[in-house]
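# fold the stuff below for me.
(one chain, ligands or ions: 1)
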Amino acid sequence: MDSRTGKKIRLGRLLNPVTGRSVVIAASHGVMSGPPSGLRTRAEIETAFAHLGAADGVMVSPGMLPLLEDFYVGRGRPAAVLHLDWKNHGRKIYTPGSDGRSEGVLAQLASLEEVAAAGIDAVMTYLYVGQRDSTLERAEIERNARIVADAAKVGVAVIIEPRSALEAEGEHALSTEVLSLYCRISADIGADLVKVVWNGSVEAFAPVASTCYAPILVAGGPGGEDEKSTLQLAADSIAAGAAGVMFGRRVFRAERPAAVLDGLRSVVHDDMPVDEALARLSG
Ligand SMILES: O=C(CO)COP(=O)(O)O
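This next block holds a predicted model:
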């Protein structure tokens, strides 16, 4: 049997087979930055997940999976996405005096065999590039290439999120040129999907999407109260050529998470104008 079949079936759960688009919710922030507000306790996690059943996929950490396995069981349930790595994002919290820079030191939390056995459809891994120390950069490229190869053997899909190791140091990290480079590297390493931060406008993002032949999911960033800006970001992402969004805080911290998710589905899958989706949300 061919493991490509497994990957096709799993990708078909994540990307809507009709629209080729996806609304994925990220809920794995704790593994990088400690207990996130909205998902601090087991009770908060359970409450948040009660609102996420309409997502195309939901991303958790390995440790959250046993708490939530029933969430993924059944026809029409969200695809299971696993946040595959820890990274040293929270360094300024636990290393007093640190400047908090994230140099891109990462650790893989599970083997791809374990991931496939757990029923995971796709893994998400960061690709930190642009380090001053080129041995770190080389390790990152090799780490991602190995994940892609290991995932191919067991038929699991791979989402790569490229990030600049020096992004805290300047806006250059978000330029169209740099994001295009990073997204294309991710696709060329073999990502099935590329997740990337938004760089501010449809005009600035469109060249990033058009030069990345793997479908792109746009990341959310902070937010949560403002339903309109969340739906607008999704609409702009689609207008710029993305295949969808992977939002976390904007949904699980929203006052009405299920309604925001419903609005996102309308904008992403049905091309519904933002104002109409907002009116439905309130109606
Ligand atoms: O995928 C994400 C984090 O890994 C996106 O989460 P946010 O929308 O909260 O930035």
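
# how about the helices in the stretch 1-150 of the chain?
3-14, 30-33, 42-49, 65-72, 91-94, 112-117, 134-154 (DSSP state H, counting those that start in this stretch).

# out of those helices, flag the one nearest the ligand.
The ligand lies closest to helix 30-33 among the helices of the stretch 1-150 of the chain, at 7.6 Å (Cβ to the nearest ligand atom). All C-beta spots, glycine's among them, are computed from the backbone N, C-alpha and C.

# in the closest one, which residues are buried?
By 16 or more other Cβ atoms under 10 Å, the buried positions in helix 30-33 come out as 30, 31, 32.

# shouldn't the first one be in contact with residue 37?
No - look at residue 30 against residue 37 with Cβ atoms under 8 Å: they stay out of range, at 10.7 Å.

# quick one: residue 203 from the ligand, how far?
Between residue 203 and the ligand the computed distance is 22 Å (Cβ to the nearest ligand atom, to the nearest Å).

# ignore what I typed, I meant residue 245.
Distance from residue 245 to the ligand, by Cβ to the nearest ligand atom: 8 Å.

# now that residue, which residues is it bridged with?
Note on residue 245: beta-bridge partners residue 23, residue 218, judged by DSSP bridges.

# number the chain from 14, please
Let's use 14 as the start, then, which means that last one is residue 258.

# state the distance from it to residue 46.
Counting by Cβ to Cβ, to the nearest Å, the gap from residue 258 to residue 46 is 20 Å.

# residues contacting the closest residue to the ligand within the chain?
Using Cβ to the nearest ligand atom, the closest approach of the chain to the ligand is made by residue 233 at 2.4 Å. Neighbouring residues of residue 233 by Cβ atoms under 8 Å, 6 or more residues apart in numbering: 39, 243, 246, 258, 259, 260, 261, 262, 263, 264.

# just residue 51 next, same as before
Applying Cβ under 8 Å, 6+ apart, the residues near residue 51 are 57, 61, 237, 262, 265, 266.

# and stretch 211-226, what's its mean pLDDT?
Mean pLDDT, computed over stretch 211-226, is 97.

# do the same with stretch 148-168
Stretch 148-168 comes out at a mean pLDDT of 95.

# and it, what's buried?
Neighbour-count burial for stretch 148-168 [16+ other Cβ under 10 Å]: 149-150, 152-153, 156-157, 160-161, 163-165, 167-168.

# dump those into a markdown table; add distance to the ligand as well.
Below are the buried residues of stretch 148-168 laid out as a markdown table (distance: Cβ to the nearest ligand atom, whole Å):
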| residue | distance to the ligand |
| --- | --- |
| 149 | 20 |
| 150 | 21 |
| 152 | 21 |
| 153 | 17 |
| 156 | 17 |
| 157 | 16 |
| 160 | 16 |
| 161 | 19 |
| 163 | 21 |
| 164 | 18 |
| 165 | 23 |
| 167 | 23 |
| 168 | 23 |
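
# out of the helices of the stretch 14-163 of the chain, the one nearest residue 224 is which?
Closest of these to residue 224 is helix 147-167, at 18.8 Å (criterion: Cβ to Cβ).

# contacting residues around the closest one?
Counting by Cβ under 8 Å, 6+ apart, 16-17, 19-20, 97, 116-119, 121, 124-126, 128-129, 136, 138, 140-144, 170-171, 173, 178, 198-199, 202-204 sit against helix 147-167.
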